[in-house]
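how would this look folded up:
(chains A and B)
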Amino acid sequence: MSTHAVDTHAHDDDHGHHHKETFITKYIFSQDHKMIAKQYLITGTLMGVIGVMMSLMMRIQLAWPEEPNVLFEALLGKWAPDGVMDADIYLALVTIHGTIMVFFVLTAGLSGTFSNLLIPLQIGARDMASGFLNMVSFWIFFVSCIIMCSSLFLEAGPAAAGWTIYPPLSALPMAQPGSGLGMTLWLVSMALFIAQSLIGSLNYIVTVINLRTKGMSMTRLPLTIWAFFITAVIGVISFPVLLSAALLLIMDRSFGTSFFLSDIFIQGEVLHYQGGSPVLFEHLFWFLGHPEVYIVILPAMGIVSEVLASSSRKPVFGYRAMIASILAIAFLSTIVWGHHMFISGMNPFLGSVFTFTTLLIAIPSGVKAFNWITTIWKGNLQMNPAMLFSIGFVSTFITGGLTGIILGDSALDINVHDTYFVIAHFHLVMGISALYGMFAGIYHWYPKMFGRMMNKNLGYIHFWVTAICAYGVFFPMHFIGMAGLPRRYYTNTNFPLFDDLANVNVVITVFALIGGAFQLVYMYNFFVSIFYGKVAPQNPWRSTTLEWTTPVKHVHGNWPGAIPHVYRWPYDYSKPGHDVDYVMQNVPLMEGEEELQH
Amino acid sequence: MTAFLTIIIVLFVGVAIWQMVKIFDLSQSSPISDTSGVATDHDNNVNGYLMIGFLIFIYVITIICFVQFGDLPLMSNSASEHGQGIDNLMIVTMIVIFITQTITQFLLYYFAFKYRGEKGKKALFYADNNTLEAIWTLIPVVVLSGLIIYGLFTWTAIMNVSEDDDPMIIELYAQQFNWTARYSGEDNVLGLANVRLIDIDNANILGVDESDPNANDDVVVKELHLPVGRPILFKMRSQDVLHSAYMPHFRAQMNCVPGMITQFGFTPTVTTKEMRENPDMIDKVQRINGIRRDKSKELTAEGKEALDPYEFNYLLLCNKICGRSHYNMQMNIIVETQEEYDAWMKEQTTFKKSMTKNEEADAEVVDPSEIEMPSESDVVAQ
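Have a look, this model is predicted:
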């Protein structure tokens, strides 16, 4: 019985992909989605290195405040006179770390990489709907990275108003040095970033809707594609709002309008602004800002669902419930932004409404978590590094998600708002979790991207040290938050009240430094395996989805022959009646075999 | 020296990684080169046991955190009337979270251990079960409904300040990087104010409208005194950027927004003196002073100034990023008995008086009899 026979259809159009490729069209201005995915990944990785370095510098400062450090002297130069970090640059580090990690690494690096790589491969398309726009979106992203990085070298320093850039702090150059040219570059960079995100998202949506191969109905899509698709929809809905907020802020900064500013007296003079409201900016910002965390986490959820099923050799549990919960999360994500603003001065009644909608999100999130746990129940778990990161994802998602019940409750938020409790919560639930999802995706699809295998033992070391350090860093952080320690403090030494938290801060920093250092293991594994890794087999993880039917060596157009047709859903693992424990999507149903009414 | 040490450490880490890779490469000389990146039964086994190890690690770190750091949070000893309500809600929520966390993490890691892969084993083809999914949709629905309703009642009770309580009105005024408080005086009405009226030369730092009679008896101070048991309604203003008035011991926080007046009300229930005598607080202060003594020893050894011993005080701190000295924007709060408060208040100068004083000073005609103008108290009385 041949269940693997790749179904070929000679009548499919085999578009001529024998045109000449130069170095520039292949590696730089490539329109091939696989190359663009790699470009996104490597750019995102390099931005990630910068972001993580910044967080380590902040951690060192918090553990050993105002002590000279050669690292500061070397990296910060004049901002660390005699190796002691300056207070202004601390806030700049806070800001740029947040911006880089949220947008450049976990949005572009995660969504950009895997949407580009997997959408055409998994739905059976030759490429994205528009290869040209895809290329344009990457290069806009690249320019936006360059602008963000170049702001680090300004005389007055980069933007320093926090990644939320609340005006008036971000609007008034006299409020702090970072609100000068640094903030202008931040806004320009983000405007470009939003443009690339919109172009990319539209491309993903069009591709998923129009270019599915024969037989690939919406209910036969892998959960990865569902997640990327809905992520793109959320992005298209919410990113333009941030763009409008950024434009209005630029107007306030440079053209004297008063959208967000009113009644300001600073440095001995009254400014002309009248009638605007910073709270309006908060609304506009969080209308993107909150969906943004789902833009970050949904692709990770999709990747984890796929890897858990494939590595457990079991169908993902409750496929339809998983899709429904993605849709529910996406819908709710657009009506909960106010939970960032309970104490912003908005009407307390709105606080009640947002508490209600926010806590509702726990329901679809809970369904997902329980379904993942049931997916591994009675499985045959293949502990590949990708699987470890997926299990780690479920773990940190639960730990971080549960404290969301505290922060989403307006009454409780009063006392932990903007403390380290918040830092602990969102780093676990969207920072670490999304990073785990990204690592899971990289370890899982590395053979597809580079045609080579990563070293699994280095992967194991990477996971276990990262997992221990992630909990070591963020678990104690909840407690210093509940002790009332505000975030974004350059040092806590001005408050004797917090002196007994200093030791906890040292513990956290030690974990952070170890965890940060072991990312070098991953970096080594990643870059060395590109050139020296073992050549990958076509389907190393014995998965069912279409990308594993393409040849190891990339061809333009993905399949050398016809595009395979799809006959079944993507999770026929260990299906009774088959010899092997996986049946690929392009294998026709056997006689008498029923497609599961999942 | 530190530079040298850093270089040594970097080199050491580099060598360690290189050696680890060598070891793995040697141990990986498996005959089938193709699948050497895929987990074997041995890997499944080792990682399966590590999963259980990690579950224990999570439990241990949870216990250590609660034992070691559990007394850090301000979970008990709230110093305001509504604080008790927040703390109770927090504890209930914490219990729900703790139970869910313990069970789900156990299931996750235990399954990861129990069902670790083995060659030849086949997984259970189990794609769906509507009953199960209904159960774990409904349980969160019920639990969350409870938490939502409980939370909303608590929230509404805190945020809706009733006029019947006759709260004392105090303005909290934020600027880079300090706090000022303005008491509304005997009329309990704050005089109008706008940043456009700020007159630094005449010490009208809050921009209070001198022509508004309500402003005459206002009292501007740099230290907040509150009478115990009296409902207070804070009106917050900011002159430059966003700040957030955070009073953790009172479970109170509200942003200060330029161009807008925000408010938060609470009733302090424990005086500073009583809080200092609270056994928990005595422990905390002792612990902190122990740390400060050790630190002082280090400092004096380096020839620097020793740290002052810590004495407990309620604090108002800034909790919204506001610029360079955000980390040092604080004001002491003193809760005291009504008598102590009245005595303190008597010593303060009213806004009107301080203005007159300044005008006098400007004119360089210092006449004490004129400063104590009797007509002023008339204004206050109305």
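
contacting residues around A:Ile140?
By C-beta atoms under 8 Å, 6 or more residues apart in numbering or on different chains, the residues touching A:Ile140 are A:192-193, A:195-196, A:199. No exception for glycine: its C-beta is placed from N, CA and C like everyone else's.

Check the offset of stretch B:99-108 from the chain's centre.
Distance of stretch B:99-108 from its chain centroid, counting by C-alpha atoms, centre = their mean, to the nearest Å, is 29 Å.

Could you list the buried residues of it?
Of the residues in stretch B:99-108, those scored as buried under the neighbour-count criterion (16 or more other C-beta atoms under 10 Å in any protein chain shown) are B:100-101, B:104-105, B:107-108.

Show the contacting residues for residue 106.
Reading this off chain A. Under the criterion of C-beta under 8 Å, 6+ apart, the contact list for A:Leu106 reads A:296, A:430-431, A:434-435, A:438.

wrong one, chain B
Going by C-beta under 8 Å, 6+ apart, B:Phe106 touches B:Leu55.

Okay, and it sits in which element?
helix B:81-114 (DSSP states H and E).

Name the helix or strand for B:Val220, please.
Per DSSP H and E, the secondary structure element for B:Val220 is strand B:219-221.

Cross the contacts of A:Ile140 against helices and list the overlap.
Here DSSP state H is the test, and these give A:192-193, A:195-196, A:199 as lying in helices.

Tell me the one of those residues nearest A:Thr396?
A:Phe193 (26.1 Å; C-beta to C-beta).

What's the separation between that closest one and B:Cys318?
Here A:Phe193 is placed at a distance of 30 Å from B:Cys318 (C-beta to C-beta, to the nearest Å).

Counting neighbours, go ahead and name the busier of those two.
Between A:Phe193 and B:Cys318, counted using other C-beta atoms under 10 Å in any protein chain shown, B:Cys318 has the larger neighbour count: 30 against 26.

so what's that one up against?
Contacts were defined as C-beta under 8 Å, 6+ apart; by that measure B:Cys318 touches A:486, B:174, B:177, B:179, B:243-246, B:326, B:329-330.

next one: A:Val105
Neighbour list for A:Val105: A:44-45, A:47-48, A:51, A:438 [criterion: C-beta under 8 Å, 6+ apart].

Which parts of chain B are helices?
With DSSP H as the criterion, chain B has helices at B:2-27, B:41-69, B:81-114, B:130-159, B:272-277, B:279-301, B:338-347, B:351-363, B:368-371, B:374-381.

now the ones you listed as CSV including mean pLDDT?
As requested, the helices of chain B are exported to CSV (pLDDT from 0 to 100):
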stretch, mean pLDDT
helix B:2-27, 70
helix B:41-69, 92
helix B:81-114, 94
helix B:130-159, 92
helix B:272-277, 93
helix B:279-301, 90
helix B:338-347, 94
helix B:351-363, 73
helix B:368-371, 45
helix B:374-381, 39
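
Tell me which of the ones you listed lies nearest to A:Asp499.
Counting by C-beta to C-beta, A:Asp499 lies closest to helix B:279-301 out of the helices of chain B; the figure is 4.6 Å.

tally of neighbours for residue 36?
By default, I'm working from chain A. Other residues near A:Ile36 number 25, with proximity taken as other C-beta under 10 Å.

ah, I was thinking of chain B
Counted with other C-beta under 10 Å, the burial measure for B:Ser36 works out to 18 neighbours.

Same question for A:Ala156.
Around A:Ala156 there are 17 other residues, counting by other C-beta under 10 Å.

hang on, isn't it packed against A:Met183?
No - using C-beta atoms under 8 Å as the test, A:Ala156 is too far from A:Met183 to be in contact (9.8 Å).

Secondary structure element holding the residue nearest to A:Leu192 when sequence neighbours are not counted?
Nearest in space to A:Leu192, with sequence neighbours left out and distances taken as C-beta to C-beta, 6 or more residues apart in numbering or on different chains, is A:Ser144 at 3.8 Å. Using DSSP H and E, A:Ser144 falls within helix A:131-150.
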